[in-house]
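J.: Any chance you can model this:
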Amino acid sequence: MRFRAAIHVMLKPDVADVQGIAIQQSLVRHGDPVAAVKAGKYFEIELDADSEAAARTIVERLANGTFSNPVIERYWYDLTGI
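T.: This next block holds a predicted model:
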């Protein structure tokens, strides 16, 4: 079976988001009334697996180390069959 995973990665709440702060400050300098920005990463992958459970196992492994740093980042994903 083929699956598509949309993986979102963001810094944990207690980690300073330097990139988000820089983007927010730039937007304010350009006159945009933006109070806060959080920068993150998004990955979309397609994979073949025997079942949804097997696909989730693969996505968990990839998301929790390959696509994110579990020390400072958190992730979540949506998995759909295609």
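J.: Quick one: distance of whichever strand or helix holds residue 4 to the chain centre.
T.: Element membership of residue 4, judged by DSSP states H and E, is strand 2-11. Distance of strand 2-11 from its chain centroid, counting by Cα atoms, centre = their mean, to the nearest Å, is 6 Å.
J.: do stretch 61-75 as well
T.: In terms of Cα atoms, centre = their mean, the centre of stretch 61-75 is found 9 Å from the chain centre.
J.: With stretch 10-27 instead?
T.: 14 Å.
J.: what comes up buried for it?
T.: Using 16 or more other Cβ atoms under 10 Å as the test for burial, stretch 10-27 gives 10-11, 17, 20, 23-24. C-beta coordinates here come from the backbone N, C-alpha and C atoms, glycine included.
J.: just stretch 36-50 next, same as before
T.: For stretch 36-50, by 16+ other Cβ under 10 Å, it's 37, 43, 49.
J.: and of these, the nearest to residue 6?
T.: Closest to residue 6 out of the buried residues of stretch 36-50 is residue 43 (7.7 Å), distances taken as Cβ to Cβ.
J.: tell me the contacts of the nearest residue to residue 45 once chain neighbours are set aside?
T.: Using Cβ to Cβ, 6 or more residues apart in numbering and skipping the chain neighbours, the partner closest in space to residue 45 is residue 5 (5.2 Å). Residue 5 makes contact with 43-47, 55, 59, 77-79, according to Cβ atoms under 8 Å, 6 or more residues apart in numbering.
J.: just the strands in this structure please.
T.: Secondary structure of the chain, counting by DSSP state E: strands at 2-11, 40-48, 73-81.
J.: Sheet partners, orientation included, of the longest one?
T.: What it means is strand 2-11. strand 40-48 (antiparallel), strand 73-81 (antiparallel) (DSSP bridges).
J.: Tabulate the strands of the chain in JSON lines, adding columns for distance to residue 67.
T.: Formatted as JSON lines, the strands of the chain follow (distance: least, Cβ to Cβ, whole Å):
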{"stretch": "strand 2-11", "distance to residue 67": "6"}
{"stretch": "strand 40-48", "distance to residue 67": "5"}
{"stretch": "strand 73-81", "distance to residue 67": "7"}
